[in-house]
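Visitor: starting from these lines, generate the structure:
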Amino acid sequence: MQKAAPDLKTLAIELGLSQSTVSRALRAHPGIPETTRHRVTAAAEAMGYRPNARARSLAIGRTEAIGLVFPIERLQLPETNFVEVLAGISTAVTRRNYSLLLTPFEDDEAAVLRRLAASKTVDGVIITRPLVDDARIALLNRLGLPFVVHGRSEVSEPYSFVDTDNDTAFERLTNLLIDYGHRNIVFVNGLERFRYATARAKSFLRAFAARALTPRPDAIEFVSMTEVTGYETATRRLDGSEPPTAFICGSVFQARGVYRSIAEHGLRVGLDVSVVCHDDGVRGIGANQFVPPLTATETSIRQAGEDLAMMLIDLIEAKTQTAARKILPFELVLRDSVGLAGTARGLSNRSTTAVVAGVFDTDG
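Guide: Numbering: from 1, shown residues only. Sure thing, here's the model as predicted:
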């Protein structure tokens with residue numbers, strides 16, 4: 001006769017620990033020492049312990065599942081960072097022994113959120129791409145469903161978020177180009193309804209204002225984050241009467257289109273036209289893979305996904321309403337795509353990649 005698998009109580013007795021400690025160790029709770037977690041997981045594996053998810057859910061009053069709510073179009077886009085975000089979230093829920101419910105929608109996201117809250121199929125949700133004034137935050141607070149936002153909004157409601165430091169990153173990119181003498185700079189930004197795009201636009205303008213400079217009134221282009229929009233925007237601007245000497249791109253996808261347009265105009269990146277961008281760390285299209293290598297502020301969108309899930313699970317298990325906030329740091333990496341304005345002399349003679357962690361050094 002096959003021996004029955006042990007239950008949580010048996011495992012706890014065998015280890016000489018309380019059931020709650022064993023349970024939290026199996027879920028990689030941050031309050032449990034790593035040595036204890038390893039000891040518990042090793043014993044569980046050796047004894048063939050398998051948690052009874054339904055019994056546990058009834059006992060603790062939680063499903064130990066979180067939802068990711070997203071527009072279905074994000075799965076249909078040929079160029080997106082969504083897969084990296086999803087990979088990070090999946091890593092975190094696996095580590096914490098939670099389940100992930102993918103919840104796409106086409107039109108009425110509010111109805112989806114209401115249904116999730118009413119059905120109690122998840123303990124909390126992650127929402128993405130916050131608007132400048134995002135009504136979802138007030139709705140989720142009213143519903144009492146724990147949530148974390150990937151990004152920020154300008155609403156006064158309390159909420160938890162993980163975000164890239166857009167407020168600083170694009171000011172640094174703009175300052176870099178200004179340091180190289182560029183004044184006619186075109187910023188190929190994201191769509192204006194999203195808060196990240198407005199934050200980046202403000203950063204761009206702030207950098208000019210700090211130098212008592214004024215950018216061209218049409219310097220900021222609010223377009224989608226694709227190679228096509230980068231190409232079309234660069235082509236239109238390079239064909240104009242006063243073509244820019246530099247471009248700032250909101251994504252590596254846009255930058256790829258800008259590179260293509262510059263080449264078709266018989267110009268050289270880093271020599272005739274400078275290009276910088278923000279790189280989320282999407283696999284297969286890194287800034288360092290461009291020719292010439294692309295100067296960029298770099299961060300990990302996958303890490304953002306991990307942090308989102310970890311933050312949400314911590315909020316769920318702590319049963320607290322206190323908002324948690326995390327702004328991810330970035331690294332400004334100077335490569336060969338930047339050159340002096342008004343010359344055909346760039347930085348192609350640089351033999352190494354410089355990582356800029358503080359104030360840009362023009363002697364570097």
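Visitor: you'd agree Ser274 is up against Tyr180?
Guide: Yes - the pair Ser274 / Tyr180 is scored as a contact, 6.7 Å apart, by Cβ atoms under 8 Å. Placement of C-beta: from N, CA and C, glycine included.
Visitor: residues contacting Leu173?
Guide: Ile248, Val276, Cys277, His278, Thr295, Thr297, Leu332 (Cβ atoms under 8 Å, 6 or more residues apart in numbering).
Visitor: looking at these, which are in strands?
Guide: Applying DSSP state E to those, the entries found in strands are Ile248, Val276, Cys277, His278, Thr295, Thr297, Leu332.
Visitor: for the host helix or strand of Thr41, packing partners?
Guide: Using DSSP states H and E, Thr41 sits in helix 34-47. If contacts are counted by 3 or more Cβ pairs under 8 Å, 6 or more residues apart in numbering; DSSP states H and E, helix 34-47 sits against helix 8-15, helix 19-26.
Visitor: closest one to Arg193 among those?
Guide: Of all these, it is helix 19-26 that lies closest to Arg193, at 41.5 Å by Cβ to Cβ.
Visitor: ok, residues contacting the closest one?
Guide: 8-9, 11-12, 15, 17, 31-32, 36-37, 39-41, 44, 51, 56, 97.
Visitor: export that helix to CSV, keeping only CA atoms.
Guide: Below are the C-alpha coordinates for helix 19-26, written out as CSV (Å, rounded to 0.1, in the frame of the first residue of the first chain):
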residue,chain,number,x,y,z
GLN,A,19,2.9,25.0,11.5
SER,A,20,2.8,28.7,10.8
THR,A,21,6.6,28.9,10.5
VAL,A,22,6.6,25.9,8.2
SER,A,23,3.8,27.4,6.1
ARG,A,24,5.5,30.8,5.7
ALA,A,25,8.9,29.1,4.9
LEU,A,26,7.3,27.1,2.1
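Visitor: how about that helix: buried residues?
Guide: Thr21, Val22, Ser23, Arg24, Ala25, Leu26 (16 or more other Cβ atoms under 10 Å).
Visitor: tell me the phi and psi of the residue nearest to the spatial centre of the chain?
Guide: Central residue of the chain (Cα atoms, centre = their mean): Ile301, 3.7 Å from the mean position. In terms of degrees, to the nearest 10, the main-chain angles of Ile301 are phi -70, psi -30.
Visitor: who's in contact with the nearest residue to it once chain neighbours are set aside?
Guide: Nearest residue to Ile301, sequence neighbours excluded (Cβ to Cβ, 6 or more residues apart in numbering): Asp280, at 3.9 Å. For Asp280, the contact set (Cβ under 8 Å, 6+ apart) comprises Asn81, Glu84, Thr164, Ser251, Val252, Thr299, Ser300, Ile301.
Visitor: from Thr168, how far off is Arg268?
Guide: In this view, Arg268 and Thr168 are 30 Å apart by Cβ to Cβ, to the nearest Å.
Visitor: can you give me the strands in the stretch 251-364 of the chain?
Guide: 274-279, 295-298, 325-328, 331-334, 354-356 (DSSP state E, counting those that start in this stretch).
Visitor: what bridges to Asp163?
Guide: Note on Asp163: beta-bridge partners Ile327, judged by DSSP bridges.
Visitor: for it, the count of nearby residues, please.
Guide: 21 (other Cβ atoms under 10 Å).
Visitor: how about Glu106?
Guide: For Glu106, using other Cβ under 10 Å, the count is 9.
Visitor: and the nearest residue to it once chain neighbours are set aside, what does it touch?
Guide: The spatial neighbour of Glu106 that comes closest, neighbours along the chain excluded (Cβ to Cβ, 6+ apart), is Ile72 at 5.6 Å. For Ile72, the contact set (Cβ under 8 Å, 6+ apart) comprises Pro104, Phe105, Glu106.
Visitor: for the residues you listed, which one is nearest Leu131?
Guide: For these, the nearest to Leu131 is Phe105 (15.1 Å; Cβ to Cβ).
Visitor: hmm, the closest one is touching Gly67, no?
Guide: No - Phe105 lies out of contact with Gly67 (Cβ under 8 Å); the separation is 11.2 Å.
Visitor: who has more neighbours out of these two?
Guide: Ranked by neighbour count (other Cβ under 10 Å), Phe105 and Gly67 place Gly67 first, with 25 against 15.
Visitor: now the contacts of Leu173 in TSV, with distance to Met311?
Guide: Formatted as TSV, the contacts of Leu173 follow (distance: Cβ to Cβ, whole Å):
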residue	distance to Met311
Ile248	30
Val276	30
Cys277	27
His278	22
Thr295	31
Thr297	23
Leu332	26
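Visitor: so how far is Ile66 from the nearest residue to Arg37 once chain neighbours are set aside?
Guide: In this structure, Arg37 finds its nearest non-sequential neighbour in Ala25, 4.7 Å apart by Cβ to Cβ, 6+ apart. Ala25 sits 20 Å away from Ile66, going by Cβ to Cβ.
Visitor: cool, and Glu298?
Guide: 28 Å.
Visitor: of these two, who's got more company?
Guide: Neighbour tally, Glu298 and Ile66, criterion other Cβ under 10 Å: the higher count belongs to Ile66, 26 against 19.
Visitor: distance from the helix or strand harbouring that one to the middle of the chain?
Guide: If you go by DSSP H and E, Ile66 is part of strand 65-71. In terms of Cα atoms, centre = their mean, to the nearest Å, the centre of strand 65-71 is found 15 Å from the chain centre.
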